[in-house]
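Asker: Pasted the sequence and its predicted model underneath.
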Amino acid sequence: MPRPFYSTLLLIGLFALSACDSNTAAVSPETPPPTGLAVSDARIRLPVPGKSTGAGYFTLHNHTQQTVAIQAIRSDVAGAIELHEHIHRDGQMQMRRMANPAAEAQSSLQLQPGGKHLMLFDMAWESGQQTATLQIDLDNGMTLEVSARLESLVTN
Ligand SMILES: [Cu+2]
């Protein structure tokens with residue numbers, strides 16, 4: 001008699017466990033907070049077939065009392081990376097290079113489609129590769145290293 005009751009409990013336990021697991025996976029990895037700086041939602045949009053230029057996005061969270069600016073960014077999948085922003089000029093959307101985008105104290109800097117973004121040139125990656133490394137050099141001498149999800153616009 002108590003047997004089926006037990007297995008029901010076990011089943012509920014397993015369910016709770018897997019729900020917890022998928023929750024953790026949904027949260028994008030953040031660099032540990034002792035420095036007060038964290039990067040979330042880092043992703044790289046792969047070039048369309050025949051091209052070698054991709055785009056990158058992330059959010060830099062600054063929980064410190066000082067403004068931090070990005071000086072340079074490197075990745076294992078790109079020959080060079082530039083920081084760009086979109087601007088409206090003469091009714092047209094244009095891209096231009098940004099000098100050193102900053103996250104104000106107690107604020108965040110968001111790179112996103114249609115706004116500030118990374119352009120990755122001469123991209124090369126392994127087929128099936130899921131993530132790539134972004135190294136973000138800051139003007140305070142720190143380098144943040146984050147794992148960025150590789151995204152394709154083309155469905156396989
Ligand atoms: Cu651009």
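Answerer: Thanks, I have it.
Asker: switch to C-alpha atoms for all contacts and neighbour counts from now on
Answerer: OK.
Asker: which residues touch the spatially most central residue of the chain?
Answerer: Residue closest to the average C-alpha location in the chain (C-alpha atoms, centre = their mean): residue 42, at 0.3 Å. Residue 42 is in contact with 28, 56, 57, 58, 59, 146, 147, 148, 149, counting by C-alpha atoms under 8 Å, 6 or more residues apart in numbering.
Asker: What distance do you get for residue 71 to residue 89?
Answerer: Computed as C-alpha to C-alpha, to the nearest Å, the residue 71 to residue 89 distance reads 26 Å.
Asker: who has more neighbours, those two?
Answerer: Set side by side, residue 71 and residue 89 show more neighbours around residue 71, with 17 against 9, by other C-alpha atoms under 10 Å.
Asker: Assign a three-state SS to that one, would you?
Answerer: What DSSP: H, G, I helix; E, B strand; the rest coil gives for residue 71 is strand.
Asker: Which residues does stretch 59-66 contact?
Answerer: 35-42, 68, 103-111.
Asker: Retrieve the pLDDT associated with residue 18.
Answerer: Reported pLDDT at residue 18 in the predicted model: 39.
Asker: ditto for residue 35
Answerer: 79.
Asker: What of the one 3 residues further on?
Answerer: The predicted structure scores residue 38 at 95 on the pLDDT scale.
Asker: For whichever strand or helix holds it, list the C-alpha coordinates in CSV.
Answerer: According to DSSP states H and E, residue 38 maps onto strand 37-45. These are the backbone C-alpha positions of strand 37-45, laid out as CSV (Å, rounded to 0.1, in the frame of the first residue of the first chain):
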residue,chain,number,x,y,z
LEU,A,37,31.1,44.6,-12.5
ALA,A,38,29.2,41.9,-14.4
VAL,A,39,28.3,41.0,-18.0
SER,A,40,25.1,39.4,-18.9
ASP,A,41,23.3,38.2,-22.0
ALA,A,42,26.5,38.0,-24.1
ARG,A,43,25.8,36.7,-27.6
ILE,A,44,27.3,36.8,-31.1
ARG,A,45,25.3,36.7,-34.3
